[in-house]
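Peer 1: Generate coordinates for the sequence data below:
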Amino acid sequence: MNEEFEYYDNSEENNNSSEGKKSYEKDLYKKWFRSKTQSGFLSIRPWFDGLKLRIDIGKTSAEGKLISSTNVFVDIIDFGAYLKAITNGTAALAYPANEKMGVPTAEGFVSYGGAKIDGKPISRIFKAHYWQNGDNYDSTSFVFKTGHFEARMADSGAFIPDMKNIISFDSIKVTRQDIHSISYIVDLAIMSHVSNKTDWYDA
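Peer 2: Prediction:
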């Protein structure tokens, strides 16, 4: 695995394995989806103390029972800037395709992080790019992906993922209209937090 993943690791948040102690807010955004073959949800919830968002994608059965769920953390400023770039039409320039980082299309985004779970290093990755149908990409929609992978710890403390050893993976189709809604509510959440906490940048 290439060492460039170290730079993108959110190690400050992820080195804390006591996630149960973190204080999460209610969902900012939740979308349920159902198709002929599957159903599930996308949930975005803030963790303001760490200036991050928890993105959770899951699948449910026809009876509504949870089959799988994979959550990851992204930096709230970085992700908010990405969403804003899509809504204002600058994302193709600001976020070009980057095969080295695993982003196959323009207007894509990736966040690498990790945590020690039961004493084992686990890499947690979020990716967004154009929706893929076979070998073709559809720029009218996006796919959000969340994945957990076995990992090793670098000397710097970064989590280096082993992409061949998947622990959990989920994805969901997201339209441009969805992204406008998500961007708007994330903006409101950031502004509200900053307005009520003048030392927000010390997180």
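Peer 1: Go ahead and flag the most central residue of the protein.
Peer 2: With distances taken as CA atoms, centre = their mean, the residue of the chain nearest its centroid is Phe126 (3.7 Å).
Peer 1: Now do the same contact list for that residue.
Peer 2: Phe126 makes contacts with 55, 72, 74, 109-111, 144-146, as judged by CB atoms under 8 Å, 6 or more residues apart in numbering. All C-beta atoms are positioned from the backbone trio N, CA, C, and that covers glycine.
Peer 1: again, 10 Å this time
Peer 2: 10, 53, 55, 57, 70-74, 79, 109-113, 144-147 (CB atoms under 10 Å, 6 or more residues apart in numbering).
Peer 1: Which ones among the residues you listed map onto strands?
Peer 2: If you go by DSSP state E, these have 53, 55, 57, 70-74, 109-113, 144-147 in strands.
Peer 1: Now do the SS call for the residue at the greatest distance from the centre of the chain.
Peer 2: In the chain, Glu63 marks the outermost C-alpha relative to the chain mean, sitting 27.0 Å out by CA atoms, centre = their mean. Secondary structure assignment for Glu63 (DSSP: H, G, I helix; E, B strand; the rest coil): coil.
Peer 1: May I have the phi/psi pair for it?
Peer 2: For Glu63, the backbone dihedrals are phi -90, psi 0 (criterion: degrees, to the nearest 10).
Peer 1: Also His180?
Peer 2: Backbone torsions for His180, taken as degrees, to the nearest 10, come to phi -60, psi -40.
Peer 1: For it, give me its contacts.
Peer 2: Contacts of His180 (CB under 10 Å, 6+ apart): 83, 86-87.
Peer 1: Out of the residues you listed, which is nearest to Thr175?
Peer 2: Lowest distance from Thr175 to the contacts of His180 (CB to CB) belongs to Ile86, with 11.3 Å.
Peer 1: Of the ones in strands among the contacts of Phe126, just the buried ones, ChimeraX syntax please.
Peer 2: Buried subset of the ones in strands among the contacts of Phe126, written as a ChimeraX selection, criterion 16 or more other CB atoms under 10 Å:
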select :53,55,57,70,71,72,73,74,109,110,111,112,113,144,145,146,147
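Peer 1: pLDDT weak spots in this protein?
Peer 2: 1-25, 203 (pLDDT under 70).
Peer 1: what ranges do the helices span in it?
Peer 2: Shown for the chain, the helices assigned by DSSP state H span residues 11-14, 76-88, 91-94, 176-196.
Peer 1: other SSEs contacting the third one?
Peer 2: The reference is to helix 91-94. In terms of contact count using 3 or more CB pairs under 10 Å, 6 or more residues apart in numbering; DSSP states H and E, helix 91-94 is assigned the packing partners helix 76-88.
Peer 1: Then the second one?
Peer 2: Helix 76-88 is packed against strand 39-47, strand 52-60, strand 66-75, helix 91-94, strand 109-117, strand 120-133, helix 176-196, with contacts defined by 3+ CB pairs under 10 Å, 6+ apart.
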